[in-house]
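In: Below is the sequence, then the predicted model.
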Amino acid sequence: MNFFLETLKVIGLFVYYLLESLVFLVVPRRKKNVSGEIVLITGAASGIGRCLSLKFARLGATLVLWDVNQEGLKETVRLARENGAERVHSYICDISKRQDVYRVADQVKKEVGDVSILVNNAGIVTGKTFIDSPDSLVEKTMEVNTMAHFWTYKAFLPAMIATNHGHLVSMASAAGLCGITRLSDYCSSKFAAIGFAESIDIEMRSLGKTGIKTTIVCPVVINTGMFDGIKTKWPRVLPVLDPEYVAEKIVNAVRQNQELLLIPHSILHVLFALKSILPVKATVLLMDYFGILHAMDTFKGRPKKE
């Protein structure tokens, strides 16, 4: 009897969740207020990190900005204040170093308070074939794109658990859902970042900490300079994304407690649904057709001085 009731309950909830997701495709979710929340953004000196900083500033959040680029960080602070931020705190932090993360995190807790929205945005890319990728750059990619998430969660998640309130944002990539030539270390780091974020989300749910939300962001290439030179075969289908557009999508996803954000939404959902059911050869054929196999052939990346 217990088995029957439990099965009936699961079927009922399963159908409810499916219908709920269909409704949210038509009716926008209610947006939560982030005014007064302490938002920590890594990689805030430029690109998406800066765009996110300014958007959260306009919403009245208290900003905690991390980067290794001091001049870029100062500029983001200036712009954030111009955009209405009353409380902006910036810190030089090398997130590839665990002890540096813990040291600066302790500083933040003492000087600002407990972080309630953590945005792991910082990332780097090597852009070389696996054989040509220096060991030091492979290690650095994993340290920045993956391991730093472990250390920031360790530093700020306990306070969220204590209050059952918080939001964890993982800036991953469409490259974290599909292997790509000349991105072996980058893809690996993003696959890992997605797996880590999903695991912590499930862990929080199993602990009954439903007030702690997770948003995993998987965009295609963003025009921030990090992937400068990369081209897509069909830009109307897989475009190089505008940073402002992506940042707006991310902030909206956070405010609506959206668990997974794929950008562009429709084509990525279709492609990765097909990837899970098609034979490998058919998947590679489609990747070649959409220009994904050779997208990195024209990669330049940011100039060395940056």
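Out: That came through fine.
In: so where do the strands sit in the stretch 101-250 of the chain?
Out: Listed in chain order, the strands found in the stretch 101-250 of the chain under DSSP state E, counting those that start in this stretch are 117-120, 166-171, 212-219.
In: Now for the closest residue to residue 224 other than its chain neighbours: which residues touch it?
Out: Spatial nearest neighbour of residue 224, chain neighbours left out: residue 47 (3.6 Å); criterion: CB to CB, 6 or more residues apart in numbering. For every residue, glycine as well, the C-beta is placed using N, CA and C. By CB atoms under 8 Å, 6 or more residues apart in numbering, residue 47 lies in contact with 222, 224, 225, 226, 243.
In: burial of the fourth one, as a residue count?
Out: By that I understand residue 226. Neighbour count of residue 226, defined by other CB atoms under 10 Å: 19.
In: pretty sure it contacts residue 299?
Out: No - under the criterion of CB atoms under 8 Å, residue 226 makes no contact with residue 299, lying 10.1 Å away.
In: Which stretches in the stretch 1-150 of the chain count as helices?
Out: For the stretch 1-150 of the chain, the helices defined by DSSP state H, counting those that start in this stretch cover 2-26, 47-58, 70-82, 98-111, 135-142, 148-163.
In: what's the closest of those helices to residue 276?
Out: helix 2-26 (17.6 Å; CB to CB).
In: What helices and strands are in contact with the closest one?
Out: If contacts are counted by 3 or more CB pairs under 8 Å, 6 or more residues apart in numbering; DSSP states H and E, helix 2-26 sits against no helix or strand.
In: helices and strands of the chain: which one has the lowest mean pLDDT?
Out: None of the helices or strands of the chain scores lower by mean pLDDT, DSSP states H and E than helix 2-26, at a mean of 78.
In: Give me the distance between that one and the centre of its chain.
Out: Taking CA atoms, centre = their mean, to the nearest Å, one finds the center of helix 2-26 at 28 Å from the center of the full chain.
In: before we move on, what about stretch 127-139?
Out: 23 Å.
In: Can you tell me what sits against that stretch?
Out: Stretch 127-139 is contacted by residues 126, 181, 182, 183, 184, 185, 186, 227, 296, 299, 301 when judged by CB under 8 Å, 6+ apart.
In: returning to what we had before: of the contacts of residue 47, keep whichever come out buried.
Out: 222, 224, 226, 243 (16 or more other CB atoms under 10 Å).
In: Just the ones in helices from these, please.
Out: residue 243 (DSSP state H).
In: re the thing from before, now pLDDT too, for the contacts of residue 47, in JSON lines please.
Out: Converted to JSON lines, the contacts of residue 47 look like this (pLDDT from 0 to 100):
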{"residue": "222", "pLDDT": "95"}
{"residue": "224", "pLDDT": "91"}
{"residue": "225", "pLDDT": "90"}
{"residue": "226", "pLDDT": "91"}
{"residue": "243", "pLDDT": "96"}
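In: do you know how far residue 89 is from residue 111?
Out: Look at residue 89 and residue 111: by CB to CB, to the nearest Å, they are 7 Å apart.
In: who has more neighbours, those two?
Out: Taking neighbours as other CB under 10 Å, residue 89 and residue 111 compare with residue 89 leading, 17 against 10.
In: May I have stretch 289-304 exported as CSV, CA atoms only?
Out: Only the C-alpha atoms of stretch 289-304 are listed here, as CSV (Å, rounded to 0.1, in the frame of the first residue of the first chain):
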residue,chain,number,x,y,z
TYR,A,289,27.0,21.4,-40.2
PHE,A,290,26.5,24.2,-37.6
GLY,A,291,30.3,25.0,-37.7
ILE,A,292,31.0,24.0,-34.2
LEU,A,293,33.9,21.7,-35.1
HIS,A,294,35.9,24.5,-36.6
ALA,A,295,34.6,27.5,-34.7
MET,A,296,37.9,27.9,-32.9
ASP,A,297,40.1,27.9,-36.0
THR,A,298,40.0,31.7,-36.1
PHE,A,299,40.4,32.2,-32.3
LYS,A,300,42.7,35.0,-31.2
GLY,A,301,41.6,35.7,-27.6
ARG,A,302,42.4,38.8,-25.6
PRO,A,303,45.7,40.6,-26.3
LYS,A,304,48.5,39.6,-23.9
